[in-house]
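Engineer: Provide a 3D model corresponding to the input given below.
(one chain, ligands or ions: 2)
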Amino acid sequence: MKVHEYQAKEILRRFGVPVPPGQPAFSVEDAVSAAEQIGGPIWVVKSQIHAGGRGKGRFVELSSDAQIAAAAEGHPEEGFGGVQLCRSLDEVREAATKILGHTLVTKQTGPEGKLVNRLYIEGGADIAQELYCSVMLDRSNHRVMIMASAQGGTDIEDVAEADPTAIKTVHIDPAIGLGGWQGRTLALELGLSGKAVRHATSFFQKLVRTYVEMDCDMLEINPLVVTGGGELIALDCKMSFDGNALYRHKDVSELRDLSEEDAAEVEASEYGLSFVNLDGTIGCLVNGAGLAMSTMDIIKYKGGEPANFLDVGGGAKKEQVVAAFKLITKDPRVNAILVNIFGGIMKCDVIAEGVLAAVEEVGLEVPLVVRLSGTNAELGRKIIDASDLNVITATDLNEAGEKAVQAAKGA
Ligand code: ADP
Ligand code: MG
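Structural biologist: Ligands and ions are numbered 1, 2, ... in the order given. Sure thing, here's the model as predicted:
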């Protein structure tokens, strides 16, 4: 689960990680009074959306088509971006007016962009140098790891491509945390000197503590700035949390912003379905994550594109199957549906009844391919045959993939 920058920075403050003074704002008046309280002479008005690349983003309503296309690529031309430096309260007011209620396109939002309805007003920092720093789990080494680079402000993916040696990594012993010597070595590798080395060490240690104690799955500070006085400050923060650990952090769960999430995925989670929206045309209803993955693979292999990943789980009830089917049919891009069930704990007749009930409620306007195998498969097939549903049946995965792709192509 992701949170907004202003929420992430509130959490960083709790752990003593230095961040500039700042306040969230939900209206233009809020923004101006927040700026007054923070005190000048420089403020930064920052769009709060879950996607990054806001500085180089462009607002749909204020830009030409060419500017929007360039912003979606991450290479904007001249124009008004999602992070604005302001030198007076009037400029704060103007920036807030232009941002609130408008749609920002960045490299991470896709060309449709994201509506901004929250701002963060922050004191302007004295930036001498911009670094990059993140904490994540290195699964291959079974350890939490810090990744840092002296090239901050730019996407780490671009740094990794241009010069992988510019990225330094440090692994953290779970028993002792980040050692002071590890922090100092990293700071020196980043080219820091003087008291910035001491500040960096303490910064890294607090960041690691935040990551571990808050059950984060990703914590990225880009840029991490060194000020003219050699202090280190987190100027931007992306924080996301391990969903399986959220029960330990009620305060974090409350920060969830549903308007930032895919509406279909939110609905699916209410029914306990694992669902991810994709760009293709073949809707999939499958039980088990592994089978769902292979179903997507076979669709691709046969030349089609899946519209979603959907795992109804092992013990799904009829209501969940109905909800799943409705989610799929709601997607206007779907032009064929593939139901692929291997009955184990899940019984094929339950699926068949769920599908029939859903079709009765929402109708069926696209071809439906069904492959049932395992527990009660025979019964499931009988239920479908006895209905007047026009179903294309398949006996194995290969045939099911083939028929679904042909059906989606209108053959
Ligand atoms: P994003 O990564 O979404 O573009 P950032 O928060 O990193 O958003 O802001 C983009 C750039 O704006 C930063 O790289 C930094 O140069 C500048 N910036 C952001 N916050 C401040 C601040 N408080 N003071 C001065 N400059 C800032
Ligand atoms: Mg940033």
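
Engineer: leaving out sequence neighbours, find the closest residue to Val266.
Structural biologist: Excluding the flanking residues, the one nearest Val266 by Cβ to Cβ, 6 or more residues apart in numbering is Leu258, at 5.5 Å. For glycine as for every other residue, the C-beta is placed from the backbone atoms N, C-alpha and C.

Engineer: measure the residue in the stretch 251-400 of the chain positioned nearest to ligand 2 to Asp126 for me?
Structural biologist: In the stretch 251-400 of the chain, no residue comes nearer to ligand 2 than Glu260, which is 16.9 Å away by Cβ to the ion. In this view, Glu260 and Asp126 are 32 Å apart by Cβ to Cβ, to the nearest Å.

Engineer: higher neighbour count, those two?
Structural biologist: Neighbours around Glu260 and Asp126, counted as other Cβ atoms under 10 Å, are more numerous at Glu260. The numbers are 18 against 13.

Engineer: any idea which helix or strand carries Gln84?
Structural biologist: Element membership for Gln84 (DSSP states H and E) is strand 83-86.

Engineer: average pLDDT across stretch 118-131?
Structural biologist: Mean per-residue pLDDT for stretch 118-131: 96.

Engineer: so what's the closest residue to Met1 other than its chain neighbours up against?
Structural biologist: Take Met1 and drop its neighbours on the chain: the residue closest to it by Cβ to Cβ, 6+ apart is Phe241, 4.9 Å away. Applying Cβ atoms under 8 Å, 6 or more residues apart in numbering to Phe241 gives the contacts Met1, Lys2, Val3, Met214, Asp215, Cys216, Asp217, His249, Val252.

Engineer: try 6 Å
Structural biologist: Met1, Asp215, Cys216, Val252 (Cβ atoms under 6 Å, 6 or more residues apart in numbering).

Engineer: biggest helix in this structure by residues?
Structural biologist: helix 195-213 (DSSP state H).

Engineer: now the angle between helix 195-213 and the next helix or strand along the chain from that helix, please.
Structural biologist: Next helix or strand after helix 195-213 toward the C-terminus (DSSP H and E): strand 216-227. For strand 216-227 against helix 195-213, the angle by axes from the mean of the first three to the mean of the last three Cα atoms, to 10 degrees is 160 degrees.

Engineer: ok, now which ones touch the closest residue to Phe204 other than its chain neighbours?
Structural biologist: Among residues not flanking Phe204 along the chain, Gly183 sits closest, at 4.5 Å (Cβ to Cβ, 6+ apart). For Gly183, the contact set (Cβ under 6 Å, 6+ apart) comprises Thr201, Phe204, Gln205.

Engineer: wait, the last one touches Leu178, no?
Structural biologist: So that's Gln205. Yes - because the distance of 5.0 Å satisfies Cβ atoms under 6 Å, Gln205 is recorded as touching Leu178.
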